[in-house]
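**Q** mind folding the following:
(one chain, ligands or ions: 1)
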Amino acid sequence: MSAISDSSLAVAADFVLRGARELVTMSAPPAEGLGAIADGALAAKDGVIVWAGREAELPQAVDLAPDGLDIDAEGRCVLPGFVDAHTHVPFAGSRAAEYGERLAGVSYGEILARGGGINVTVEATRQASEEELARLARRRYDSMLRHGTTTAEVKSGYGLTVVDEAKQLRAAATPHALRRELTFLGAHFLPPEYAGRADDFIRLVCDEMIPACAPLARWCDVFCDEGAFTVSQARRVLLAGRAAGLSLRIHADELARSGGSMLAAELGCVSADHLIHATWQEIAAMKAAGVVAVMLPGTSYTLGIEFAPARAFLEAGVTIALASDLNPGTCHCENLQMMISLACQGMKLTPDEALYAATAGGAVALRRDDVGSLEVGKRCDFSVLVAASRTELPYHFGVNLVGHVVLGGRVVVQDGVVTHDAPAPEPVQPFARDASPGAGGTA
Ligand SMILES: [Zn+2]
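**A** Numbering: from 1, shown residues only. Model (predicted):
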(Lines give C-alpha, C1' and ligand atoms only; values in the text may rest on other atoms or scores of the structure.)
Protein backbone atom coordinates (compact mmCIF):
# COMPACT_ATOMS: atom_id res chain seq x y z
CA MET A 1 0.00 0.00 0.00
CA SER A 2 1.52 3.25 -1.09
CA ALA A 3 1.08 6.60 0.62
CA ILE A 4 1.94 8.49 -2.53
CA SER A 5 1.82 6.32 -5.61
CA ASP A 6 0.41 3.06 -6.83
CA SER A 7 2.77 2.85 -9.75
CA SER A 8 4.85 -0.28 -9.75
CA LEU A 9 7.57 1.76 -11.45
CA ALA A 10 7.88 4.03 -8.44
CA VAL A 11 11.01 3.70 -6.33
CA ALA A 12 10.49 2.50 -2.77
CA ALA A 13 11.37 5.03 -0.05
CA ASP A 14 11.09 5.45 3.70
CA PHE A 15 11.86 9.17 3.68
CA VAL A 16 10.58 12.08 1.59
CA LEU A 17 11.49 15.75 1.63
CA ARG A 18 9.15 18.09 -0.23
CA GLY A 19 8.55 21.82 -0.40
CA ALA A 20 12.13 22.89 -1.24
CA ARG A 21 11.87 26.24 -2.98
CA GLU A 22 15.41 25.51 -4.10
CA LEU A 23 16.98 22.04 -3.85
CA VAL A 24 20.70 22.60 -4.40
CA THR A 25 21.91 19.15 -5.38
CA MET A 26 25.59 20.01 -6.18
CA SER A 27 25.29 17.58 -9.09
CA ALA A 28 26.76 20.28 -11.36
CA PRO A 29 29.69 22.68 -10.90
CA PRO A 30 29.23 26.36 -10.02
CA ALA A 31 29.37 27.45 -13.66
CA GLU A 32 26.34 25.25 -14.32
CA GLY A 33 24.28 26.38 -11.34
CA LEU A 34 25.08 23.62 -8.83
CA GLY A 35 22.31 21.39 -10.16
CA ALA A 36 19.71 23.44 -8.29
CA ILE A 37 16.11 22.30 -8.76
CA ALA A 38 13.30 24.80 -8.27
CA ASP A 39 10.41 23.42 -6.20
CA GLY A 40 12.38 20.28 -5.55
CA ALA A 41 11.90 17.12 -3.55
CA LEU A 42 13.95 14.08 -2.70
CA ALA A 43 13.42 10.60 -1.38
CA ALA A 44 15.62 8.17 0.49
CA LYS A 45 15.64 4.62 1.73
CA ASP A 46 17.77 3.32 4.58
CA GLY A 47 19.53 6.70 4.72
CA VAL A 48 20.54 6.74 1.06
CA ILE A 49 19.00 8.98 -1.60
CA VAL A 50 16.91 7.05 -4.13
CA TRP A 51 15.35 9.93 -6.03
CA ALA A 52 15.70 13.74 -6.44
CA GLY A 53 13.70 15.95 -8.77
CA ARG A 54 10.80 18.35 -9.10
CA GLU A 55 8.13 17.92 -6.48
CA ALA A 56 5.49 17.76 -9.20
CA GLU A 57 7.01 14.44 -10.27
CA LEU A 58 7.26 13.01 -6.77
CA PRO A 59 3.87 11.20 -6.68
CA GLN A 60 4.65 9.19 -9.81
CA ALA A 61 8.28 8.61 -9.00
CA VAL A 62 8.30 7.58 -5.35
CA ASP A 63 6.46 5.00 -3.27
CA LEU A 64 6.75 6.13 0.35
CA ALA A 65 6.30 3.41 2.95
CA PRO A 66 3.21 3.97 5.15
CA ASP A 67 5.37 4.52 8.19
CA GLY A 68 7.93 6.59 6.27
CA LEU A 69 9.00 10.08 7.29
CA ASP A 70 7.53 12.90 5.18
CA ILE A 71 9.13 16.30 5.75
CA ASP A 72 8.04 19.65 4.35
CA ALA A 73 10.75 22.28 3.80
CA GLU A 74 7.99 24.91 3.65
CA GLY A 75 9.42 26.86 0.77
CA ARG A 76 12.97 27.06 2.03
CA CYS A 77 16.34 26.30 0.46
CA VAL A 78 17.77 22.78 0.93
CA LEU A 79 21.53 22.16 0.73
CA PRO A 80 23.74 19.09 1.07
CA GLY A 81 25.29 18.85 4.53
CA PHE A 82 28.59 20.69 4.69
CA VAL A 83 31.74 18.56 4.54
CA ASP A 84 34.36 20.20 6.76
CA ALA A 85 37.66 18.70 5.60
CA HIS A 86 39.95 20.25 8.24
CA THR A 87 39.31 20.51 11.99
CA HIS A 88 41.20 20.06 15.25
CA VAL A 89 38.21 19.26 17.45
CA PRO A 90 39.49 17.24 20.44
CA PHE A 91 41.29 19.82 22.55
CA ALA A 92 40.96 21.18 26.07
CA GLY A 93 41.42 24.67 27.45
CA SER A 94 40.67 28.10 26.05
CA ARG A 95 42.94 30.66 24.46
CA ALA A 96 40.48 33.53 24.37
CA ALA A 97 42.68 35.68 26.58
CA GLU A 98 45.60 35.14 24.20
CA TYR A 99 43.49 36.33 21.30
CA GLY A 100 42.82 39.55 23.15
CA GLU A 101 46.51 40.01 23.84
CA ARG A 102 47.41 39.49 20.22
CA LEU A 103 44.81 42.00 19.15
CA ALA A 104 46.45 44.41 21.58
CA GLY A 105 49.76 43.94 19.77
CA VAL A 106 51.60 41.25 21.74
CA SER A 107 53.43 39.04 19.23
CA TYR A 108 52.81 35.31 19.05
CA GLY A 109 56.55 34.81 19.45
CA GLU A 110 56.46 36.56 22.82
CA ILE A 111 53.45 34.55 23.92
CA LEU A 112 55.09 31.31 22.83
CA ALA A 113 58.38 32.24 24.52
CA ARG A 114 56.71 32.44 27.91
CA GLY A 115 55.04 29.06 27.43
CA GLY A 116 51.74 30.34 26.06
CA GLY A 117 50.20 29.72 22.66
CA ILE A 118 49.86 26.15 21.53
CA ASN A 119 51.74 25.02 24.65
CA VAL A 120 48.65 25.93 26.65
CA THR A 121 46.48 23.66 24.52
CA VAL A 122 48.99 20.83 24.64
CA GLU A 123 49.23 20.98 28.42
CA ALA A 124 45.46 21.20 28.90
CA THR A 125 44.86 18.36 26.44
CA ARG A 126 47.42 16.14 28.15
CA GLN A 127 45.83 16.86 31.53
CA ALA A 128 42.31 16.14 30.31
CA SER A 129 40.91 12.63 30.63
CA GLU A 130 39.66 10.82 27.55
CA GLU A 131 36.11 11.25 28.88
CA GLU A 132 36.59 14.99 29.27
CA LEU A 133 37.99 15.32 25.74
CA ALA A 134 35.11 13.23 24.38
CA ARG A 135 32.60 15.46 26.18
CA LEU A 136 34.22 18.57 24.73
CA ALA A 137 34.27 16.96 21.28
CA ARG A 138 30.57 16.04 21.45
CA ARG A 139 29.73 19.60 22.40
CA ARG A 140 31.62 20.87 19.34
CA TYR A 141 30.11 18.19 17.10
CA ASP A 142 26.66 19.34 18.22
CA SER A 143 27.57 22.89 17.27
CA MET A 144 28.86 21.76 13.88
CA LEU A 145 25.63 19.87 13.24
CA ARG A 146 23.56 22.90 14.22
CA HIS A 147 25.50 24.92 11.65
CA GLY A 148 24.85 22.40 8.90
CA THR A 149 28.02 20.29 8.92
CA THR A 150 27.24 16.58 8.59
CA THR A 151 30.73 15.20 7.80
CA ALA A 152 33.99 16.40 9.31
CA GLU A 153 37.64 15.51 9.32
CA VAL A 154 39.01 15.57 12.89
CA LYS A 155 42.70 15.67 13.79
CA SER A 156 44.74 14.80 16.85
CA GLY A 157 47.89 16.87 17.39
CA TYR A 158 47.69 18.35 20.89
CA GLY A 159 48.79 15.27 22.78
CA LEU A 160 52.23 14.87 21.20
CA THR A 161 52.97 11.71 23.19
CA VAL A 162 52.04 8.19 22.19
CA VAL A 163 49.46 7.94 24.96
CA ASP A 164 47.95 11.40 24.50
CA GLU A 165 47.69 11.24 20.71
CA ALA A 166 45.87 7.91 20.95
CA LYS A 167 43.67 9.38 23.71
CA GLN A 168 42.71 12.30 21.45
CA LEU A 169 41.80 9.99 18.59
CA ARG A 170 39.67 7.74 20.80
CA ALA A 171 37.94 10.83 22.21
CA ALA A 172 37.32 12.11 18.66
CA ALA A 173 35.59 8.82 17.86
CA THR A 174 33.10 9.26 20.72
CA PRO A 175 29.58 8.11 19.76
CA HIS A 176 27.84 10.94 17.89
CA ALA A 177 25.70 11.39 14.80
CA LEU A 178 28.28 13.51 12.94
CA ARG A 179 30.16 11.54 10.26
CA ARG A 180 33.88 11.67 10.92
CA GLU A 181 37.22 11.07 9.25
CA LEU A 182 39.98 10.77 11.82
CA THR A 183 43.48 12.06 11.21
CA PHE A 184 46.69 11.43 13.12
CA LEU A 185 48.65 14.71 13.41
CA GLY A 186 51.34 13.76 15.90
CA ALA A 187 53.83 15.99 14.05
CA HIS A 188 51.84 19.16 14.66
CA PHE A 189 54.24 21.03 16.89
CA LEU A 190 57.51 20.32 18.66
CA PRO A 191 56.60 19.83 22.34
CA PRO A 192 58.72 21.74 24.86
CA GLU A 193 60.40 18.60 26.21
CA TYR A 194 61.89 18.05 22.73
CA ALA A 195 63.16 21.61 22.25
CA GLY A 196 66.25 21.48 20.05
CA ARG A 197 65.68 17.78 19.31
CA ALA A 198 63.21 17.84 16.46
CA ASP A 199 64.70 14.78 14.78
CA ASP A 200 64.33 12.78 17.99
CA PHE A 201 60.69 13.80 18.12
CA ILE A 202 60.17 12.80 14.48
CA ARG A 203 61.67 9.42 15.36
CA LEU A 204 59.14 9.07 18.18
CA VAL A 205 56.33 9.98 15.78
CA CYS A 206 57.42 7.48 13.15
CA ASP A 207 58.52 4.60 15.36
CA GLU A 208 56.02 4.73 18.21
CA MET A 209 53.12 7.12 17.66
CA ILE A 210 52.19 5.95 14.17
CA PRO A 211 52.10 2.25 15.07
CA ALA A 212 49.91 3.09 18.08
CA CYS A 213 47.62 5.55 16.29
CA ALA A 214 47.27 4.14 12.78
CA PRO A 215 44.53 1.69 13.84
CA LEU A 216 42.54 4.66 15.19
CA ALA A 217 42.71 6.88 12.09
CA ARG A 218 42.36 6.90 8.31
CA TRP A 219 44.67 9.83 7.60
CA CYS A 220 48.17 11.03 8.47
CA ASP A 221 48.87 14.77 8.47
CA VAL A 222 51.95 16.84 9.30
CA PHE A 223 52.57 20.53 9.87
CA CYS A 224 55.29 21.36 7.35
CA ASP A 225 56.10 25.04 7.66
CA GLU A 226 58.43 27.66 9.01
CA GLY A 227 58.60 27.18 12.77
CA ALA A 228 57.08 23.69 12.49
CA PHE A 229 58.67 20.75 10.66
CA THR A 230 60.97 20.77 7.63
CA VAL A 231 60.22 19.13 4.31
CA SER A 232 62.54 16.23 5.06
CA GLN A 233 61.03 15.68 8.51
CA ALA A 234 57.53 15.89 7.04
CA ARG A 235 58.48 13.42 4.33
CA ARG A 236 59.63 10.91 6.93
CA VAL A 237 56.36 11.23 8.85
CA LEU A 238 54.16 10.90 5.79
CA LEU A 239 56.06 7.91 4.43
CA ALA A 240 55.79 6.21 7.81
CA GLY A 241 52.08 7.00 7.85
CA ARG A 242 51.63 5.57 4.38
CA ALA A 243 53.56 2.45 5.33
CA ALA A 244 51.13 2.02 8.23
CA GLY A 245 48.18 2.15 5.84
CA LEU A 246 47.17 5.79 6.31
CA SER A 247 46.24 8.18 3.50
CA LEU A 248 48.07 11.49 3.43
CA ARG A 249 47.30 15.18 3.86
CA ILE A 250 49.53 18.07 4.86
CA HIS A 251 49.53 21.55 6.44
CA ALA A 252 51.52 23.45 3.81
CA ASP A 253 52.79 26.94 3.01
CA GLU A 254 50.67 28.73 5.60
CA LEU A 255 53.33 30.80 7.35
CA ALA A 256 55.93 30.87 4.57
CA ARG A 257 56.65 29.33 1.19
CA SER A 258 58.27 26.34 2.79
CA GLY A 259 57.96 23.41 0.39
CA GLY A 260 54.89 21.68 1.82
CA SER A 261 52.82 21.87 -1.36
CA MET A 262 55.68 20.51 -3.44
CA LEU A 263 56.01 17.63 -0.99
CA ALA A 264 52.27 17.02 -1.30
CA ALA A 265 52.67 16.75 -5.05
CA GLU A 266 55.75 14.54 -4.73
CA LEU A 267 54.02 12.07 -2.40
CA GLY A 268 50.57 12.30 -3.95
CA CYS A 269 48.90 13.59 -0.79
CA VAL A 270 45.13 13.73 -1.14
CA SER A 271 45.11 17.33 0.07
CA ALA A 272 47.41 20.20 0.94
CA ASP A 273 45.87 22.68 3.34
CA HIS A 274 46.31 26.44 4.01
CA LEU A 275 48.52 27.35 0.98
CA ILE A 276 48.60 31.07 1.66
CA HIS A 277 52.10 31.33 0.18
CA ALA A 278 51.59 28.99 -2.77
CA THR A 279 52.79 30.40 -6.11
CA TRP A 280 52.08 29.26 -9.65
CA GLN A 281 54.78 26.61 -9.26
CA GLU A 282 53.10 24.97 -6.27
CA ILE A 283 49.73 25.31 -7.98
CA ALA A 284 51.00 23.64 -11.16
CA ALA A 285 52.63 20.82 -9.21
CA MET A 286 49.45 20.19 -7.19
CA LYS A 287 47.37 20.23 -10.36
CA ALA A 288 49.65 17.70 -12.04
CA ALA A 289 49.53 15.41 -9.00
CA GLY A 290 45.78 15.78 -8.40
CA VAL A 291 46.18 17.26 -4.90
CA VAL A 292 43.08 19.01 -3.52
CA ALA A 293 43.67 22.53 -2.16
CA VAL A 294 41.94 23.02 1.19
CA MET A 295 41.21 26.70 1.82
CA LEU A 296 40.94 27.93 5.41
CA PRO A 297 39.87 31.57 5.33
CA GLY A 298 38.94 31.68 9.00
CA THR A 299 42.60 31.38 9.91
CA SER A 300 43.56 34.32 7.72
CA TYR A 301 40.75 36.31 9.26
CA THR A 302 41.73 35.55 12.85
CA LEU A 303 45.45 36.09 12.28
CA GLY A 304 44.88 39.21 10.21
CA ILE A 305 47.00 37.85 7.36
CA GLU A 306 46.46 37.45 3.64
CA PHE A 307 44.11 34.88 2.19
CA ALA A 308 45.22 31.89 0.10
CA PRO A 309 45.07 32.37 -3.70
CA ALA A 310 41.89 30.35 -4.17
CA ARG A 311 41.09 31.94 -7.53
CA ALA A 312 44.48 30.95 -8.92
CA PHE A 313 43.86 27.35 -7.86
CA LEU A 314 40.44 27.37 -9.52
CA GLU A 315 41.77 28.92 -12.70
CA ALA A 316 44.46 26.24 -12.84
CA GLY A 317 41.79 23.55 -12.55
CA VAL A 318 42.70 22.41 -9.02
CA THR A 319 39.79 21.16 -6.91
CA ILE A 320 39.35 23.36 -3.85
CA ALA A 321 37.63 22.58 -0.57
CA LEU A 322 36.54 25.13 1.99
CA ALA A 323 36.99 24.10 5.62
CA SER A 324 36.84 25.65 9.08
CA ASP A 325 40.23 24.75 10.61
CA LEU A 326 38.30 24.73 13.90
CA ASN A 327 41.07 24.96 16.51
CA PRO A 328 41.75 26.81 19.76
CA GLY A 329 44.59 29.01 18.51
CA THR A 330 43.90 30.43 15.09
CA CYS A 331 40.24 29.82 14.30
CA HIS A 332 37.77 28.94 17.00
CA CYS A 333 34.74 28.58 14.74
CA GLU A 334 32.52 25.60 13.90
CA ASN A 335 30.48 27.47 11.32
CA LEU A 336 31.15 26.80 7.63
CA GLN A 337 28.56 29.41 6.71
CA MET A 338 30.98 31.97 8.12
CA MET A 339 33.79 30.46 6.03
CA ILE A 340 31.64 30.81 2.90
CA SER A 341 31.15 34.46 3.70
CA LEU A 342 34.88 34.99 4.36
CA ALA A 343 35.88 33.10 1.20
CA CYS A 344 33.65 35.33 -0.91
CA GLN A 345 35.19 38.52 0.46
CA GLY A 346 38.75 37.44 1.22
CA MET A 347 39.34 35.01 -1.63
CA LYS A 348 36.96 36.54 -4.15
CA LEU A 349 35.07 33.29 -4.67
CA THR A 350 31.58 33.56 -6.05
CA PRO A 351 28.91 32.43 -3.59
CA ASP A 352 28.33 29.28 -5.65
CA GLU A 353 32.05 28.50 -5.82
CA ALA A 354 32.31 28.81 -2.04
CA LEU A 355 29.23 26.67 -1.47
CA TYR A 356 30.49 23.99 -3.83
CA ALA A 357 33.89 23.97 -2.09
CA ALA A 358 32.20 23.54 1.31
CA THR A 359 30.20 20.51 0.17
CA ALA A 360 31.30 18.65 -2.97
CA GLY A 361 34.87 19.98 -2.65
CA GLY A 362 35.12 18.80 0.93
CA ALA A 363 33.99 15.34 -0.12
CA VAL A 364 36.75 15.17 -2.75
CA ALA A 365 39.30 16.32 -0.17
CA LEU A 366 38.25 13.41 2.05
CA ARG A 367 37.95 10.92 -0.83
CA ARG A 368 34.30 10.37 0.09
CA ASP A 369 32.02 9.61 -2.81
CA ASP A 370 28.98 9.14 -0.58
CA VAL A 371 28.58 12.72 0.72
CA GLY A 372 28.76 16.31 -0.57
CA SER A 373 25.84 16.23 -3.00
CA LEU A 374 22.18 15.23 -3.11
CA GLU A 375 22.19 12.59 -5.83
CA VAL A 376 20.91 9.04 -6.08
CA GLY A 377 23.22 6.74 -4.16
CA LYS A 378 24.54 9.42 -1.80
CA ARG A 379 23.82 9.66 1.91
CA CYS A 380 20.65 11.56 2.75
CA ASP A 381 22.51 14.38 4.57
CA PHE A 382 21.12 17.88 4.10
CA SER A 383 20.13 21.07 5.82
CA VAL A 384 17.03 23.18 5.43
CA LEU A 385 17.92 26.85 5.65
CA VAL A 386 15.74 29.45 7.28
CA ALA A 387 15.91 31.21 3.91
CA ALA A 388 14.42 30.52 0.47
CA SER A 389 17.66 30.98 -1.45
CA ARG A 390 21.31 29.97 -1.10
CA THR A 391 22.27 33.54 -2.01
CA GLU A 392 21.46 34.48 1.59
CA LEU A 393 24.45 32.49 2.90
CA PRO A 394 27.39 34.84 2.24
CA TYR A 395 25.17 37.90 2.53
CA HIS A 396 23.38 37.37 5.84
CA PHE A 397 26.57 36.54 7.71
CA GLY A 398 27.58 35.89 11.29
CA VAL A 399 24.29 34.17 12.13
CA ASN A 400 23.11 30.60 11.74
CA LEU A 401 20.88 30.25 8.69
CA VAL A 402 20.43 26.49 9.20
CA GLY A 403 17.06 25.52 10.63
CA HIS A 404 16.85 21.74 10.30
CA VAL A 405 19.50 19.12 9.58
CA VAL A 406 18.86 15.60 8.33
CA LEU A 407 21.65 13.04 8.52
CA GLY A 408 21.25 9.59 7.03
CA GLY A 409 17.54 10.22 6.57
CA ARG A 410 16.84 11.13 10.16
CA VAL A 411 16.31 14.55 11.70
CA VAL A 412 19.29 15.45 13.89
CA VAL A 413 18.58 19.18 14.24
CA GLN A 414 15.11 20.66 14.34
CA ASP A 415 14.59 24.43 14.46
CA GLY A 416 18.21 24.83 15.53
CA VAL A 417 18.02 22.28 18.36
CA VAL A 418 19.99 19.02 18.28
CA THR A 419 17.55 16.12 18.45
CA HIS A 420 19.67 13.09 17.68
CA ASP A 421 19.82 10.29 20.18
CA ALA A 422 23.59 10.11 20.66
CA PRO A 423 24.63 10.58 24.30
CA ALA A 424 23.05 13.76 25.58
CA PRO A 425 25.40 16.68 26.10
CA GLU A 426 26.29 17.00 29.74
CA PRO A 427 26.33 20.33 31.55
CA VAL A 428 29.45 22.19 30.54
CA GLN A 429 32.07 22.72 33.24
CA PRO A 430 34.73 25.29 32.46
CA PHE A 431 37.98 23.38 32.10
CA ALA A 432 40.35 24.09 34.96
CA ARG A 433 43.00 25.49 32.65
CA ASP A 434 40.74 27.91 30.82
CA ALA A 435 42.36 30.77 32.68
CA SER A 436 45.83 30.08 31.27
CA PRO A 437 47.38 32.97 29.37
CA GLY A 438 46.04 32.86 25.86
CA ALA A 439 47.89 32.81 22.51
CA GLY A 440 47.48 31.81 18.74
CA GLY A 441 49.89 31.58 15.71
CA THR A 442 50.16 27.96 15.21
CA ALA A 443 46.91 26.18 15.80
ZN1 LIG B 1 45.04 22.81 10.85
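**Q** C-alpha from now on. contacts and neighbour counts both.
**A** Fine.
**Q** tell me, how many residues neighbour residue 406?
**A** Counted by other C-alpha atoms under 10 Å, the residues lying close to residue 406 total 23.
**Q** quick check, it in contact with residue 385.
**A** No: counting by C-alpha atoms under 8 Å, residue 406 does not reach residue 385; the two are 11.6 Å apart.
**Q** can you give me the strands in the stretch 101-250 of the chain?
**A** Under the criterion DSSP state E, counting those that start in this stretch, the stretch 101-250 of the chain contains strands at 149-155, 179-187, 219-224, 247-252.
**Q** save those as a markdown table, and put in mean neighbour count and mean pLDDT too.
**A** A markdown table is the format used below for the strands of the stretch 101-250 of the chain (neighbours: other C-alpha atoms under 10 Å; pLDDT from 0 to 100):
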| stretch | mean neighbour count | mean pLDDT |
| --- | --- | --- |
| strand 149-155 | 28 | 98 |
| strand 179-187 | 25 | 98 |
| strand 219-224 | 28 | 98 |
| strand 247-252 | 26 | 98 |
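**Q** Throw these into CSV and include distance to residue 17, thanks.
**A** What follows is the strands of the stretch 101-250 of the chain, written out as CSV (distance: least, C-alpha to C-alpha, whole Å):
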stretch, distance to residue 17
strand 149-155, 17
strand 179-187, 21
strand 219-224, 34
strand 247-252, 36
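**Q** closest to residue 168 out of those?
**A** strand 149-155 (8.4 Å; C-alpha to C-alpha).
**Q** who are the packing partners of that closest one?
**A** Here strand 149-155 touches strand 82-84, strand 179-187, going by 3 or more C-alpha pairs under 8 Å, 6 or more residues apart in numbering; DSSP states H and E.
**Q** how far off centre is the shortest one?
**A** For strand 82-84, the distance from its own C-alpha centre to the chain's C-alpha centre is 5 Å (C-alpha atoms, centre = their mean, to the nearest Å).
**Q** check the longest one too.
**A** Using C-alpha atoms, centre = their mean, the distance from the centre of strand 179-187 to the centre of the chain it belongs to is 11 Å.
**Q** longest strand anywhere in this structure?
**A** strand 62-80 (DSSP state E).
**Q** by contact count, what packs against it?
**A** Strand 62-80 sits against strand 11-24, strand 382-385, with contacts defined as 3+ C-alpha pairs under 8 Å, 6+ apart.
**Q** quick revisit: quick one: closest of the helices and strands packed on strand 149-155 to residue 363.
**A** Nearest to residue 363, of all the helices and strands packed on strand 149-155, is strand 82-84, at 6.1 Å by C-alpha to C-alpha.
**Q** residues contacting the closest one, please?
**A** Here strand 82-84 makes contact (C-alpha atoms under 8 Å, 6 or more residues apart in numbering) with 148-153, 322-324, 336, 358-363, 371-372.
**Q** go again with 6 Å.
**A** Here strand 82-84 makes contact (C-alpha atoms under 6 Å, 6 or more residues apart in numbering) with 148-152, 323, 358-359, 362.
**Q** how about stretch 183-193?
**A** So stretch 183-193 is contacted by 154-157, 160, 217, 219-223, 228 (C-alpha under 6 Å, 6+ apart).
**Q** check those residues and tell me the two furthest apart.
**A** 217 and 228 (22.1 Å).
**Q** got the angle for the helix or strand hosting residue 404 vs strand 149-155?
**A** Using DSSP states H and E, residue 404 sits in strand 402-407. Here the directions of strand 402-407 and strand 149-155 differ by 70 degrees (axes from the mean of the first three to the mean of the last three C-alpha atoms, to 10 degrees).
**Q** who are the packing partners of strand 402-407?
**A** Packing partners of strand 402-407 (3 or more C-alpha pairs under 6 Å, 6 or more residues apart in numbering; DSSP states H and E): strand 382-385, strand 410-414.
**Q** and these, which is most packed in?
**A** strand 382-385 (a mean of 28; mean count of other C-alpha atoms under 10 Å).
**Q** quick one: contacts of that strand?
**A** 77-81, 148, 401-406.
**Q** where along the stretch 1-150 of the chain do the helices fall?
**A** Here the stretch 1-150 of the chain has its helices, by DSSP state H, counting those that start in this stretch, at 58-61, 96-103, 108-113, 118-127, 130-146.
**Q** which of those helices sits closest to residue 208?
**A** With C-alpha to C-alpha as the measure, helix 118-127 is the member of the helices of the stretch 1-150 of the chain nearest residue 208 (17.4 Å).
**Q** what comes up buried for the closest one?
**A** Of the residues in helix 118-127, 118-127 count as buried by neighbour count, 16 or more other C-alpha atoms under 10 Å.
**Q** nearest to residue 212 among the residues you listed?
**A** Once C-alpha to C-alpha is applied, the member of these that ends up nearest residue 212 is residue 126, at 16.7 Å.
**Q** so that closest one versus residue 224, what's the distance?
**A** 23 Å (C-alpha to C-alpha, to the nearest Å).
**Q** many thanks, I have nothing further to ask.
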